[in-house]
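model the structure of this input:
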Amino acid sequence: MPQLGETVSEGTVSVWHKKVGDEVSTKEALFDVSSDKVEMEVPAPGNGTLVEIRVEQGGTVPVGEVIAIIQRDGEEIAVARPAAAAAPANDSSPSSAPAPATSVARGSNGSAANRDGNGNPLSPAVRRLVAEHGLDPAAISGSGANGRIKKKDVLAHLQDAPAARRPSPSRPRPAPRPMSGEDVETIPFNNLRKRTAEHMVRSKATSPHVLQAVEADFARVDRARRAASAAWKKREGYSLTYLPFVAKAVCEAIRDYPHVNATIEGEALVVCRRVNLAIAVDLDFDGLVAPVIKDAQDLSLQELARAIRDVSERARTNRLAPEDFQDGTYTISNSGVFGTMITAPIINQPQVAILSTDGITKKPVVIESEDGDAIAIRPVGVLAQSFDHRAIDGAYSAAF
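Take a look at the predicted model:
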């Protein structure tokens, strides 16, 4: 089980993409794993043959636990343990005879209902949509490798074929279980949502949160962004947003106020010299992850813009690696794309501060000059920081 983040101690195997006896490669996904921070595909750590699966789908084990065995050409490996879901992993009694490797494969890749028409396993997000709308996976065209169905393929199928929204007569959609009356639907949390909830509750219980906010005049940023907008979009293929400017300003401000870029260990504040900037990314309302841009303090504004785009795109296409979630020191959450006025973000443990950049709108503001005060229309947005009051005080946070 790979390390999925510095505060993540365990992971859940969501889907096995291979079965015992299959050839595996570092260029192909071996399994999907979910934690409180991410749900992602994990490639095989080496090329060879998958000879043993020790943890079935749905099994949760600590980071570092062996979950499968890959045999390289010419190696001799004794397969001795059944999958975790089939027998206790720590049962050493004489009666618990080891199962042969072939028995491990049974059920490790799920039933046929959890596969598409090409035999590829369905991701948790796709399985939820398929079950919710009573769809036949074989009827959906996949855009992934080997025709694998992605979430966007299911959504496109629903949009193109409204009739498919109705449950199939042969596979009835389960009726929602009402809490109090037929107008209430109970929606079980998926693994990512459950672990996100656990992480958020733990953060609130760990850190005494304090929120501070300022209004920022983005007029100069807006002029610079507009001046570069056409050339940037032509060269890069996407628009230059406000977020890279905020990220650059954060890195500059941390040089003067480094205690916001820290963690708490016992009764000491551990201040980080590197700014490893975590960027919160929404996964189409299915969850939230915060991949890390390492050494952001050394990047130019243009480099930050490219790095933010890169981690965001890889997050939304399920291409992040475990190391993308490690060593974060400060987090930015960009709710402004939804037009929010002010957001009180929850600290991303074990960090001590997080910034929310909210919607930027035109407002009348007072402009002071030597000739007197005047009213002008300026793009204004709120920057809101939640900080751990154990680490710093309000004056230090406000100065930052």
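
from Arg220, how far out is the nearest residue to Ala224 once chain neighbours are set aside?
The spatial neighbour of Ala224 that comes closest, neighbours along the chain excluded (CB to CB, 6 or more residues apart in numbering), is Phe245 at 7.7 Å. Heads up, the C-betas are built off the backbone N, CA and C, glycines and all. For Phe245, the distance to Arg220 (CB to CB, to the nearest Å) stands at 9 Å.

these two: who's more crowded?
Phe245 (20 against 11; other CB atoms under 10 Å).

got the buried residues for the helix or strand hosting the more buried one?
In this assignment (DSSP states H and E), Phe245 forms part of helix 243-256. Within helix 243-256, the residues that count as buried by 16 or more other CB atoms under 10 Å are 243-251, 254.

helices and strands around it, which ones?
helix 219-236, strand 277-282, helix 301-316, strand 330-333, strand 353-369 (3 or more CB pairs under 8 Å, 6 or more residues apart in numbering; DSSP states H and E).

can you name the next helix or strand after that helix?
strand 262-265.

and that next one, how far out from the chain's middle?
23 Å (CA atoms, centre = their mean, to the nearest Å).

which strands and helices sit next to that strand?
Using 3+ CB pairs under 8 Å, 6+ apart, strand 262-265 sits against strand 268-271.

before we move on, the earlier item: just checking, the residue nearest to Ala224 touches Ile308?
No. Counting by CB atoms under 8 Å, Phe245 sits too far from Ile308 to count as a contact (10.9 Å).

tabulate the helices and strands packed on helix 243-256 (a markdown table), appending mean pLDDT and distance to Val184.
Below are the helices and strands packed on helix 243-256 laid out as a markdown table (pLDDT from 0 to 100; distance: least, CB to CB, whole Å):
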| stretch | mean pLDDT | distance to Val184 |
| --- | --- | --- |
| helix 219-236 | 95 | 45 |
| strand 277-282 | 94 | 26 |
| helix 301-316 | 95 | 31 |
| strand 330-333 | 97 | 30 |
| strand 353-369 | 93 | 31 |
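
now those in JSON lines, with distance to Ser386?
As requested, these are exported to JSON lines (distance: least, CB to CB, whole Å):
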{"stretch": "helix 219-236", "distance to Ser386": "23"}
{"stretch": "strand 277-282", "distance to Ser386": "12"}
{"stretch": "helix 301-316", "distance to Ser386": "21"}
{"stretch": "strand 330-333", "distance to Ser386": "9"}
{"stretch": "strand 353-369", "distance to Ser386": "5"}
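
of all those, which one is nearest Asn191?
helix 301-316 (16.3 Å; CB to CB).

mind listing what's buried in that closest one?
Result for helix 301-316 [16+ other CB under 10 Å]: buried residues 301, 304-309, 311-312, 314-316.

and for Ala219, the neighbour number?
16.

follow-up on the earlier one: what's the closest of the buried residues of helix 301-316 to Lys18?
Closest to Lys18, out of all of those and judged by CB to CB, is Arg314, at 22.3 Å.

can you tell me the closest non-neighbouring residue to that closest one?
Leu320 (5.1 Å).

and that neighbour, which of the three is it?
With DSSP: H, G, I helix; E, B strand; the rest coil as the basis, Leu320 sits in coil.

what ranges does the stretch 101-250 of the chain have for its helices?
Counting by DSSP state H, counting those that start in this stretch, one finds helices in the stretch 101-250 of the chain at the ranges 101-104, 124-133, 151-160, 191-206, 219-236, 243-256.

turn the ones you listed into CSV, including distance to Thr49.
Formatted as CSV, those follow (distance: least, CB to CB, whole Å):
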stretch, distance to Thr49
helix 101-104, 10
helix 124-133, 26
helix 151-160, 30
helix 191-206, 28
helix 219-236, 42
helix 243-256, 44
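
looking at those helices, spot the one closest to Ile347.
The nearest among the helices of the stretch 101-250 of the chain, by CB to CB, is helix 191-206 at 5.2 Å.

now the closest one: buried residues?
191-193, 195-196, 199-200, 203.

before we move on, what about stretch 147-160?
148-151, 153-154, 157-158.

stretch 283-294 now?
Here stretch 283-294 shows 283, 286-294 as buried, counting by 16+ other CB under 10 Å.

same deal with stretch 257-264?
259-264.

now Gln297. Its backbone dihedrals?
Note on Gln297: its backbone torsions stand at phi -70, psi -20 [degrees, to the nearest 10].

distance from stretch 238-248 to the middle of the chain?
The chain centre lies 20 Å from the centre of stretch 238-248; the measure is CA atoms, centre = their mean.

looking only at pLDDT, what's the mean for stretch 238-253?
Averaging pLDDT along stretch 238-253 gives 96.

and for it, what's in contact with it?
218, 221, 224-225, 228-229, 232-233, 275, 277, 279, 293, 296-297, 299-302, 304-305, 308-309, 330, 332, 334, 336, 355, 357, 360, 381, 383, 400 (CB atoms under 8 Å, 6 or more residues apart in numbering).

make a PyMOL selection of whichever of those turn out to be buried.
In PyMOL, a selection of the buried entries from the contacts of stretch 238-253 looks like this (16+ other CB under 10 Å):
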select buried, resi 218+221+225+232+275+277+279+293+296+297+299+301+304+305+308+309+330+332+334+336+355+357+360+381+383+400
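
re the thing from before, possible to save the buried residues of stretch 147-160 as CSV with distance to Val24?
Shown next, in CSV, are the buried residues of stretch 147-160 (distance: CB to CB, whole Å):
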residue, distance to Val24
Arg148, 16
Ile149, 21
Lys150, 21
Lys151, 24
Asp153, 25
Val154, 27
His157, 30
Leu158, 33
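
kindly reformat those as a markdown table containing distance to Ile347 and pLDDT.
Formatted as a markdown table, the buried residues of stretch 147-160 follow (distance: CB to CB, whole Å; pLDDT from 0 to 100):
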| residue | distance to Ile347 | pLDDT |
| --- | --- | --- |
| Arg148 | 36 | 76 |
| Ile149 | 36 | 84 |
| Lys150 | 32 | 79 |
| Lys151 | 29 | 76 |
| Asp153 | 36 | 83 |
| Val154 | 34 | 84 |
| His157 | 39 | 85 |
| Leu158 | 37 | 82 |
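
and Asp183, how many neighbours does it have?
By the criterion of other CB under 10 Å, Asp183 has 7 neighbours.
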